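**Q** Predicted structure and sequence below. I'll ask about it afterward.
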Amino acid sequence: MSETQIRSAAAAGHRRGDVVLSVKDAVKHFPITQGIVFQRTIGQVRAVDGVTFELRKGETLGLVGESGCGKSTMSRVIMGLVPATSGSVNLLGEELVGMKERELRRVRRNVQIIFQDPYASLDPRMTVGGIVGEPFEIHPDAAPKKDRKRKVQELLEVVGLNPEHYNRYPHQFSGGQRQRIGIARALALRPPIIVCDEPVSALDVSVQAQVVNLLERLQAEFDLSYVFVAHDLSVVRHISDRVAVMYLGKIVEIGDENQIYEHPTHPYTQALLSAVPVPDPAVRGHREQIVLQGDVPSPANPPSGCRFRTRCWKAQDICAEQEPPLLRRGASDQLSACHFAEELDVVHAVH
Amino acid sequence: MSTTDESHRHATATAATGVDTVSLDGRRGTARDAALDSIGFDPTAPLLQVDDLQVEFRTRDGVAKAINGVSFSVDEGETLGILGESGCGKSVTAQAIMGILDTPPAYVTGGRVVLRGVDLLTLPEETRRRVRASKVAMIFQDALSSLNPVFTVGYQLGELFRQHRGYSKQDAKKEAVGLLELVGIPAAADRVDDYPHQFSGGMRQRVMIAMSLALDPDVLIADEPTTALDVTVQAQIMKLLADLQAERNMGLILITHDMGVVADVADKICVMYAGRIVERADVHSTYKSPAHPYTQALLRSIPRVDLKGQELDSIEGLPPNLTQLPGGCSFHPRCTYARDRCREDEPPLYDVDGERQSACHFYAEVLGQ
C-alpha cells in the first residue's frame, strides 16, 4: 500500500518482537470527594493498583476480568487519556507519566482505540469521511490536505467498506459496518498500537466473526500490536498471544494464551474459565465447575493481603496477611499471584 | 408504571381484600385463585403449546412480519432454548406468549398459545392479567430498568401477593422475605426494604427471578437473563435457575443468543432466523450435526474457550430487514448452499428424522457435511 510511507516515524525503527509498550507498577486512584464548595477527599477508588506488563510488536495482549476490575481504566492509562497516579508507562521509549499535555498530544497518535459501542462512539452528525478523516485534522502533518479524501477512501476499502459511501452518515450503516468505520478511524494515523476495548461485544453473533477476522487480517498486514480488552474469554483466547487476568486493579495471572487457558494456576483464573459455557452439550456436567460466591468487593476498600481471598476456596491465614506477588510458581511458565498456585484444567471435559 | 395504573391497582386490591377468605393454612386458595380456576385449565393437558404464531408490526415503513408461523411446545421440567440474533423474533415470541406486546404497533394476527388446554390468545385482557405471573412468568434481560426505582424491592415483590392473592401488607412482606431467601440474597430480612439501585447487577437479577417465581408459575420465560452479567455471576444465576426449575418442575423457555449457555442447560432447541424457526431439535443432535445451514454457520463462526481455533468462518452479509424479506428462503442471500430453488420456494419445516425439523430444501446435504 502507498500509505506505508506515512507510518509514524517512531514505529518505523521497531521490529517484530521488540517491546513497544512497557507498563511498570502503574497506579491509578480516583479520589472520592465529599462537599460541594469545599471538597474534601475522603477516600480513593483504587481502580488500577500496581500493574506491570509489556507489549511486543505484532502481538496481541488480552486483558480480561469482570466489570470493575480496572481493565478499562488500564486501557485509558495506556492511551494517556487519564494520567497515572504513579508508576511508569513507557510508549516506544517515551515516558507518558508526568508528560505535558502538548507533548502527550503528539505521542498519543501512536496508540489509537476502538470502542465497544459502535452506536455511541460515532458522531451522528458527521459523515463517514469526516469521522475517518478527523485524525488528520488533529495531526495535519500525517497527510497533506489534498491527499486526505483519497487516504480516507483507501482506509474504507481496507476495512471492507465501499469507498463510495464517503458521504454517508453512521445511521445508514449496520452495527458491524459501524464498527468497521471505528476501525478505519483507529487505523488512520497508522499507529503501531491499537487498544480494542470490547470491540465485538455489542455485535450480533453472526457479525462478530467478520470483525474478529478483520482485526486479525489488519494485524498481519500492518504489523499492529493489540491490547484486547474484553470480558468474552472465548474471543480473547481466539485472538490473543498472551493474556493478563485482572481482579480488583491488579493482574493476578499473566502468560501465554496456551498456559493461561490450558494450565491456569490462579484460583480466580480457574473460576473465570470454568464459568465460560462451552458450546457443546456433550461436555455438559463433565467439566470442573467452580461457582464463586458473592460479588467483587469495592475497589475503594479492597481486602487486605490477597484481594481475591474473600471469594477464594483456598484462602488461609497467610492470604489475609501477605499480598502474594506476581511470580513464576512451580513448574509453570506464567506469572501467578497466589500463595497456593496449582494447575487445574477447567476448560476441558475431565470426568 | 403510570400513576393511574398504580391507583387503579390499589383500588382493586382494596376491593378484593373484602372478599378474600384468608384460610389458616398458608393463606392459599383465595377468591382470586378461584377466578383463575374458572378459566378451565386442564391439569392433564400438555403444559404449553405454541402453534403457528403470527405477529406483525405495523410501522410507517410498512408491515414487518416479526413472527411468521412459529410452533413449539414445552413440558414440565423441560428446558427449551430459543436461539437467535437480535431482530429474529425471539423476544417478540416471548412477549406474545405473555401477552405484553405493545399494540400498536404489534398485532398478533394468527396462531394459538395453548396453556393446559386453554388458548391464552382468546382470553379477555383482565383474565390474562390473572394468568400472567401465576401461570406464565417472565424474567427480563435488564433487571435495573425492569424494577421500579422508587419502590423498595420488598414492596414490588409483595405487590404480586397483594394483587393476585389479596394478602395484607404484612403478609405480603413476609412472603417477599421468603422469596429473597429462596434466591440466595444474604440478610434478606434487612434487604427487603432496600431500593433496586442498592443491589449489584447479579443480586438484581436474583430479585427478578424471585419476582417471577412468586406465584409458582408453571412456565418460566427467561429472556436473555444473563446477557448483562459477568461470566462468574452468569454461572451463579444459571445454576440458581436450574435448581429452582428442577425443584418446582417448571417448564423453562430460555431465550438467548449465546450458543454456550444453550448448550449448557437446554433439552431442546429452536433456532430462529428472520421471524421463523429454521431448526428445531434436541440440543445434542443440533450441536453435533446441525440440519440447517444457518445453525451450522453459527456454530462454525464462534470461538470456543476450550479450543485454539484457526480463522473463524464468518457469515457474510447481515440479517434481513423484516419489512423487505428476500423471496424464498430468508437466509438464501447469506447461505453457502443456496440454489435457484431457494430464491423462489420458501422451504417448509421439513421433518428430518421424526425428532428434528429443518427449514432447508437441502437439509440432507447440510447433514452430510
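**A** On my side now, so go ahead.
**Q** CA atoms for contacts and neighbours, from now on please.
**A** Noted.
**Q** Next, the most centrally placed residue in chain B: phi, psi?
**A** Closest to where the C-alpha atoms of chain B average out (C-alpha atoms, centre = their mean) is B:Ile221, at 3.1 Å. Torsion angles at B:Ile221 (phi, psi; degrees, to the nearest 10) stand at phi -110, psi 120.
**Q** Test of understanding: give the bridge partners of it.
**A** Under DSSP bridges, the beta-bridge partners of B:Ile221 are B:Met138, B:Ile253.
**Q** any idea how far it is from B:Gln310?
**A** Separation of B:Ile221 from B:Gln310 (C-alpha to C-alpha, to the nearest Å): 36 Å.
**Q** My read is that A:Lys149 contacts A:Gly129, right?
**A** Yes: under the criterion of C-alpha atoms under 8 Å, A:Lys149 makes contact with A:Gly129 at 7.4 Å.
**Q** who's more crowded, the two?
**A** A:Gly129 (24 against 17; other C-alpha atoms under 10 Å in any protein chain shown).
**Q** so what's the residue nearest to the centre of chain B up against?
**A** Taking C-alpha atoms under 8 Å, 6 or more residues apart in numbering or on different chains, we find B:Ile221 in contact with B:Ala94, B:Val136, B:Ala137, B:Met138, B:Ile139, B:Leu252, B:Ile253, B:Leu254, B:Ile255.
**Q** Can you redo those residues as TSV, where the extra columns are neighbour count?
**A** Formatted as TSV, the contacts of B:Ile221 follow (neighbours: other C-alpha atoms under 10 Å in any protein chain shown):
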residue	neighbour count
B:Ala94	20
B:Val136	24
B:Ala137	24
B:Met138	25
B:Ile139	23
B:Leu252	27
B:Ile253	23
B:Leu254	25
B:Ile255	26
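**Q** biggest separation within those residues, which pair?
**A** Pairwise distances across the contacts of B:Ile221 peak at 14.8 Å for B:Val136 and B:Ile255 (criterion: C-alpha to C-alpha).
**Q** What is the burial count for the residue nearest to A:Glu95 when sequence neighbours are not counted?
**A** Among residues not flanking A:Glu95 along the chain, A:Val89 sits closest, at 5.8 Å (C-alpha to C-alpha, 6 or more residues apart in numbering or on different chains). Using other C-alpha under 10 Å, A:Val89 has 27 neighbouring residues.
**Q** Just checking: what are the partner strands of the helix or strand hosting A:Val89?
**A** Element membership for A:Val89, per DSSP states H and E: strand A:86-91. Using DSSP bridges, strand A:86-91 pairs in its sheet with strand A:19-34 (antiparallel), strand A:94-95 (antiparallel).
**Q** Most tightly packed of these?
**A** Comparing the strands paired with strand A:86-91 by mean neighbour count (mean count of other C-alpha atoms under 10 Å in any protein chain shown), strand A:19-34 ranks first with a mean of 18.
**Q** for the record, mean pLDDT for that strand?
**A** Across strand A:19-34, the average pLDDT comes to 91.
**Q** How about residues contacting it?
**A** Here strand A:19-34 makes contact (C-alpha under 8 Å, 6+ apart) with A:14, A:39-57, A:73, A:77, A:83-93, A:193.
**Q** before we move on, what about stretch B:99-108?
**A** Residues from elsewhere that reach stretch B:99-108, judged by C-alpha under 8 Å, 6+ apart: B:Leu53, B:Gln54, B:Val55, B:Glu56, B:Phe57, B:Arg58, B:Thr59, B:Val92, B:Gln95, B:Ala96, B:Leu121, B:Arg128.
**Q** Of those residues, keep whichever come out buried.
**A** B:Leu53, B:Gln54, B:Val55, B:Glu56, B:Phe57, B:Arg58, B:Val92, B:Gln95, B:Ala96, B:Leu121, B:Arg128 (16 or more other C-alpha atoms under 10 Å in any protein chain shown).
**Q** Can I take it that the second one is in a strand?
**A** Yes: secondary structure of B:Gln54 (DSSP: H, G, I helix; E, B strand; the rest coil): part of a strand.
**Q** how long is stretch B:316-326 from one end to the other?
**A** One end of stretch B:316-326 sits 16 Å from the other (C-alpha to C-alpha).
**Q** Check which residues of that stretch are buried.
**A** Of all the residues in stretch B:316-326, those buried under the rule 16+ other C-alpha under 10 Å are B:Leu318, B:Pro319, B:Pro320, B:Leu322, B:Thr323, B:Pro326.
**Q** Closest to B:Arg116 out of those residues?
**A** Nearest to B:Arg116, judged by C-alpha to C-alpha, of the buried residues of stretch B:316-326 is B:Leu322 at 32.3 Å.
**Q** Where do the strands of chain B begin and end?
**A** With DSSP state E as the criterion, chain B has strands at B:48-59, B:62-74, B:79-83, B:106-115, B:118-119, B:136-139, B:219-223, B:251-256, B:268-273, B:276-282, B:350-351, B:357-358.
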